[in-house]
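Visitor: A predicted structure for the sequence below; I have some questions about it.
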Amino acid sequence: MARELRAAASRRVPPVPVAHPESLRRQIRGWEAGQHRPSEPYRMLYADVFGLSEEELFDVPAPAPLLEDRLPDLTGLPEIEGVVARVMARTGRRLGAATVAALQARAHALRLADDVLPGGDLVEVANRQLDQAVLLHREGSHPASVGRALLCHVGEIAQVAGWIAADAGDPAGAERAYQVGLSAAHEGGDAALESNLLGSHAYLLTGDDRTRRMALTLAEAATTTAAASGSAHARALAWDRLAWVHARMGAAAQAARALVVLCYVETS
């Protein structure tokens, strides 16, 4: 992360001075641990690295956006659902490859941000991004192929949003995100993504003794769905999570069997 920030600083015109590498690494460790928050110019540089605005990453006040700027970036607006519906109804917005690429970039940026920022700092951003993505698909006009691609990226954003919500201590929010993502991935025909979401949901539910039986059901469904995807990576991830659920339930023999299958998948 220190290298990325220094590279972003050097790309600025004029270049932005930053701390010595070792000092910067110490500061980053403090930021990631949630001990304190980055100040300028580091907020700006983080935003450059992740392709998000400072307002999205750090919840600092943003200037009021113009109407033409409100889609697809609606993070600063209240009552986002009504605004999107009204603007789209008036403009007849038709979505295409550019919107698909934008959602893909948002999902990737959220994953990168989740690697370095505490879940509590990102959960509101992730929820807004997920709401936007759902509304763009629901309210926009698009051909079937674009619709399927949008659904898949809705599912990807939902998976990251669920993970962030769980990290922030909001299991109910995580469940909501995973359920939205499962529906989108299934409708979009992405079995690998659907399996990942099933496994993520199962992983979440293992944290509570009362929901571990449901976690097992979801984890088993993830292995079945992954097998249909044709993706070795999806299959390995699904069996890894099934092994974890069995281990949390105290089922050592079943966990060992799942790990054997996992090893086979990874070497086949």
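Guide: Sure, I can see it.
Visitor: can you count the residues close to Glu22?
Guide: When counting by other C-beta atoms under 10 Å, one arrives at 9 neighbours for Glu22. All C-beta spots, glycine's among them, are computed from the backbone N, C-alpha and C.
Visitor: Look at it and give its secondary structure.
Guide: helix (DSSP: H, G, I helix; E, B strand; the rest coil).
Visitor: Give me the buried positions along the helix ranked longest in the chain.
Guide: Longest helix of the chain, by residue count under DSSP state H: helix 144-167. If you call a residue buried by 16 or more other C-beta atoms under 10 Å, then helix 144-167 has these buried ones: 146-167.
Visitor: swap in stretch 8-15?
Guide: Buried residues in stretch 8-15, counting neighbours by 16+ other C-beta under 10 Å, are found at Ala8, Ala9.
Visitor: Span of that stretch from start to end?
Guide: Terminal residues of stretch 8-15 are spaced 9 Å apart (C-alpha to C-alpha, to the nearest Å).
Visitor: thinking again about what came up before, moving C-terminal from the longest helix of the chain, which element do we reach first?
Guide: Moving toward the C-terminus from helix 144-167, the next helix or strand (DSSP states H and E) is helix 171-188.
Visitor: just so I have it, where are all the helices in this structure?
Guide: Here the chain has its helices, by DSSP H, at 2-11, 21-32, 42-50, 54-58, 80-91, 97-116, 119-139, 144-167, 171-188, 191-205, 212-229, 232-248, 252-267.
Visitor: Quick one: mean pLDDT over stretch 26-34.
Guide: Stretch 26-34 carries an average pLDDT of 82.
Visitor: Would you mind pulling the contact partners of it?
Guide: With contact meaning C-beta atoms under 8 Å, 6 or more residues apart in numbering, stretch 26-34 is reached by 1-2, 5, 19, 36-38, 42, 116-118, 120-121.
Visitor: Kindly reformat those residues as CSV containing neighbour count and distance to Ala109.
Guide: Output for the contacts of stretch 26-34, formatted as CSV (neighbours: other C-beta atoms under 10 Å; distance: C-beta to C-beta, whole Å):
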residue, neighbour count, distance to Ala109
Met1, 16, 14
Ala2, 18, 19
Leu5, 25, 15
Ala19, 16, 24
His36, 9, 23
Arg37, 15, 19
Pro38, 19, 16
Tyr42, 21, 17
Val116, 17, 12
Leu117, 22, 11
Pro118, 17, 16
Gly120, 13, 18
Asp121, 19, 14
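Visitor: which of those residues sit farthest apart?
Guide: Using C-beta to C-beta, these span at most 24.7 Å, a distance reached by Ala19 and Gly120.
Visitor: what's around Ala184, how many residues?
Guide: Residues near Ala184, counting by other C-beta under 10 Å: 28.
Visitor: can I assume it is in contact with Gln159?
Guide: No - checked against C-beta atoms under 8 Å, the pair Ala184 and Gln159 is beyond contact range at 9.9 Å.
Visitor: So for Asp69, what pLDDT did the model give?
Guide: Asp69 is assigned a predicted lDDT (pLDDT) of 36.
Visitor: what sits against the spatially most central residue of the chain?
Guide: Nearest to the geometric centre of the chain sits Val160, at 2.0 Å (C-alpha atoms, centre = their mean). When contacts are counted by C-beta under 8 Å, 6+ apart, Val160 touches Ala107, Leu110, Arg111, Asp114, Ala126.
Visitor: ok, those vs Leu262, which is closest?
Guide: Arg111 (22.9 Å).
Visitor: Can you give me the pLDDT of the closest one?
Guide: 81.
Visitor: try Ala89
Guide: At Ala89, pLDDT is 45.
Visitor: Same check on Ile164?
Guide: So Ile164 comes in at 90 (pLDDT).
Visitor: In this structure it contacts Arg128, no?
Guide: No - look at Ile164 against Arg128 with C-beta under 8 Å: they stay out of range, at 11.7 Å.
Visitor: before we move on, the earlier item: will you turn the contacts of Val160 into JSON lines that also has distance to Ala232 and neighbour count?
Guide: Shown next, in JSON lines, are the contacts of Val160 (distance: C-beta to C-beta, whole Å; neighbours: other C-beta atoms under 10 Å):
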{"residue": "Ala107", "distance to Ala232": "22", "neighbour count": "22"}
{"residue": "Leu110", "distance to Ala232": "25", "neighbour count": "25"}
{"residue": "Arg111", "distance to Ala232": "21", "neighbour count": "16"}
{"residue": "Asp114", "distance to Ala232": "24", "neighbour count": "19"}
{"residue": "Ala126", "distance to Ala232": "28", "neighbour count": "26"}
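Visitor: Good, wrapping up.
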